[in-house]
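**Q** Sequence plus predicted model, see below.
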Amino acid sequence: HLLTAVEKKIADYLLHHQQNVVGMSISELAENAQVAKSAIVRCCKSLGFEGYTQLKLALAADHSKNKQLNYTPYIYPDDSPATIMEKVFSSNVKALHDTAAGLDHSVIQEVLTQLEQARQIYLYGIGTSASMVTELQYRLMQLGYTAFAFTDPGNMMVSTMNIDHRDVAFGISYSGRTIATTQTMELARAAGAKTICITNYPGSPITK
C-alpha cells in the first residue's frame with residue numbers, strides 16, 4: 001500500500017519520535033506532527049493497524065526489542081567509525097529477528113517441498129537482487145539441484161520459453177515492483193511452473 005504525502009509525514013514523525021509517541025494521545029500526536037487526527041487514523045489503517053492504540057502497542061514492543069538488540073536506527077555525521085560499525089551490525093541483527101518473527105513456517109515447508117520436487121529451478125532478480133539470485137543458485141547447486149540464475153531482463157524473458165509444470169520459478173524483489181522480474185514470473189506461471197518469491201512487501205505486484 002502506498003502512503004499519501006500526509007501519511008508519509010506521520011510515518012516519518014513516528015520513526016523519529018518512536019519512544020515519545022508511545023505516551024502521546026492521538027490529539028497530542030496530531031498537534032506535534034501538525035496533521036489532523038483523521039489523517040492519523042487513516043495512516044494507522046494504511047500501516048495495517050486497526051487503530052491508534054494498536055499502533056502504539058506495536059511501537060512500544062518494537063522499542064523494547066530495539067533496546068534488547070542495542071539497535072539505533074540512525075547514523076549521524078559525528079558518529080565514529082566504531083559507532084557506525086556497531087550500528088550497522090545491530091541493524092542486520094534486528095533485520096534477522098524481524099524476518100524470523102514474520103515468517104509463516106507452513107509456507108516455508110511448502111516452498112521446500114516445491115524446490116525438492118522441481119525438475120529445474122529458475123531464479124530471477126535484477127539490480128540489488130542479482131547477487132542474491134547468483135548466491136542462491138550456487139547454494140542450490142551445492143545441494144545437487146539443477147538451478148539457473150537470470151539477472152538480465154532479456155534472458156529472463158527468454159528462459160520462460162523452456163519452463164513447464166515440472167519446474168519452479170523463483171523471483172527475488174525487495175520492493176516487489178521490479179517490472180522485469182514480475183513480468184517474467186507472470187510468464188513462468190502462465191507456462192505452468194510453480195512460482196515462489198521473496199519480497200519485503202506482501203501486497204506487492206510480484207506476490208499477486
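**A** Thanks, I have it.

**Q** count of neighbours near Thr181?
**A** Per other C-beta atoms under 10 Å, the neighbour tally for Thr181 reads 28. For every residue, glycine as well, the C-beta is placed using N, CA and C.

**Q** Also Val133?
**A** By the measure other C-beta under 10 Å, the count of residues near Val133 is 24.

**Q** Could you do Tyr138 as well?
**A** For Tyr138, the tally of surrounding residues (other C-beta under 10 Å) stands at 11.

**Q** From Phe170, how far out is it?
**A** Per C-beta to C-beta, to the nearest Å, Tyr138 is found 14 Å from Phe170.

**Q** How about Ile40?
**A** The gap separating Ile40 from Phe170 is 39 Å, by C-beta to C-beta.

**Q** So which of these two has more stuff around it?
**A** A count of neighbours by other C-beta under 10 Å puts Phe170 above the other of Ile40 and Phe170, at 28 against 23.

**Q** Which residues are in contact with that one?
**A** Contact analysis of Phe170 by C-beta atoms under 8 Å, 6 or more residues apart in numbering lists 115, 121-124, 136, 195-198.

**Q** Closest to Thr178 out of these?
**A** The closest of those to Thr178 turns out to be Tyr124 (C-beta to C-beta; 9.0 Å).

**Q** what kind of secondary structure is the residue lying closest to that closest one once chain neighbours are set aside in?
**A** Leaving aside its chain neighbours, Tyr124 sits nearest to Gly171 (4.5 Å; criterion: C-beta to C-beta, 6 or more residues apart in numbering). Gly171 falls in the strand class when you classify it by DSSP: H, G, I helix; E, B strand; the rest coil.
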